[in-house]
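Trainee: What shape does this take:
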Amino acid sequence: MDKQIDKIDKDLLNEVSNLENIEKGAYNIRKNGEGIERKVTENVNIVTKTDKPGIDIYVKENTKFEFIHIPVIITESGLNDLVYNDFYIGKNANVIIVAGCGIHNDHHENSQHDGIHRFFLEEGAKVRYVEKHYGEGNGEGKRILNPVTEVYLKNGSSMEMESSQIKGVDSTIRETKGVLEANTNFVVSEKIMTHGNQYAKTTFDVQLNGENASTHVTSRSVATDNSEQFFVSKIYGNNKSFAHSECDAIIKDNAKVTATPEITANDVEANLIHEAAIGKIAGEQLIKLMTLGLSEKEAEEEIINGFLK
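Mentor: The predicted structure follows:
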């Protein structure tokens, strides 16, 4: 790794992108608003945008099982970083993309990263997209992350998105949009944990435009202390299609979680389902673990960790 990467940087990269795997494929590392290190391969090219901050990532058609890492790290207090990243995935390609942002803030000013990612998948393309967010530091300045993900799927393509907020993020507004053509599939798995006075809002907007388009959106979250979470899911069946949206949340202390489903069938053959479950940890679960010798706190942690796996 470049000498610009110090120990704090490496720790952040490990949290959001697994440092050992970054160099196995193409990658672009962004630190404090600037690209500091990049590697391209025969099948994956990364180009710096000329009209705004960000990069364009081009994956050749028929590329198979390559890794692309695009982590962002922020160690500068008071920085407001905005980046636009566009991914162009060639026909029948199959790749894994690992993104995410880690913020270390030891000072009194807020540090913020807003990442706008757009994915354009050609026919038959497949993408597994993993995004992790993490915050740390002892300063009073907040760690703010606002990701926007837009997904455009052409005939026969599919994308699997795994999004997780590990810890330490004071405020986040997460927007995910999908536009699906025929025979496409968009699967989203989201995991969020908030504590203290943290705030998290997630919005999904998926348009099932093509025949046999489908989506499965799952959100699992834990809210503790005085934190607040909002989950909004909007799915539109505009053709013969299928959708399943579910929100499961555990709350503790004075935390609040709100789930708002909105499913709209604009075609008689659209099959749309939404489920939501919010509540405290079940007493029988705690008792079962405590009979095995765990304290109540240890039992709660065990249940929460298992819930967010």
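Trainee: what are the bridge partners for the closest residue to residue 270 other than its chain neighbours, then?
Mentor: Distance criterion C-beta to C-beta, 6 or more residues apart in numbering; nearest residue to residue 270, sequence neighbours excluded, is residue 237 at 2.6 Å. (Each C-beta comes from the backbone N, C-alpha and C, glycine too.) Counting by DSSP bridges, residue 237 forms beta bridges with residue 208, residue 265.
Trainee: got a pLDDT number for residue 237?
Mentor: Predicted confidence (pLDDT) for residue 237: 98.
Trainee: didn't it look like it was pressed against residue 243?
Mentor: Yes - counting by C-beta atoms under 8 Å, residue 243 is a contact partner of residue 237 at 6.3 Å.
Trainee: what is in contact with these two at once?
Mentor: Common neighbours of residue 237 and residue 243, using C-beta atoms under 8 Å, 6 or more residues apart in numbering, are 208, 263, 270-272.
Trainee: Tell me, how many residues neighbour the closest residue to residue 263 other than its chain neighbours?
Mentor: The shortest distance from residue 263 to any non-neighbouring residue, by C-beta to C-beta, 6+ apart, is to residue 272 (4.1 Å). Per other C-beta atoms under 10 Å, the neighbour tally for residue 272 reads 18.
Trainee: Okay, and the beta partners of the residue nearest to the spatial centre of the chain?
Mentor: Centroid-nearest residue in the chain: residue 163, 2.7 Å away (criterion: C-alpha atoms, centre = their mean). Taking DSSP bridges as the rule, residue 163 bridges to residue 131, residue 190.
Trainee: Please save the CA atoms from stretch 297-309 in CSV.
Mentor: Taking C-alpha atoms only, stretch 297-309 is exported to CSV below (Å, rounded to 0.1, in the frame of the first residue of the first chain):
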residue,chain,number,x,y,z
LYS,A,297,-26.4,-8.2,29.2
GLU,A,298,-24.4,-11.0,27.6
ALA,A,299,-27.6,-12.8,26.6
GLU,A,300,-28.9,-9.6,24.9
GLU,A,301,-25.7,-9.1,23.0
GLU,A,302,-25.8,-12.7,21.8
ILE,A,303,-29.4,-12.3,20.5
ILE,A,304,-28.6,-9.0,18.8
ASN,A,305,-25.5,-10.3,17.1
GLY,A,306,-27.4,-13.3,15.9
PHE,A,307,-30.2,-11.1,14.7
LEU,A,308,-27.9,-8.9,12.6
LYS,A,309,-25.9,-11.8,11.1
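Trainee: Determine how far that stretch lies from the middle of the whole chain.
Mentor: Stretch 297-309 sits 21 Å away from the centroid of its parent chain (C-alpha atoms, centre = their mean, to the nearest Å).
Trainee: That's all I had, so thanks and see you.
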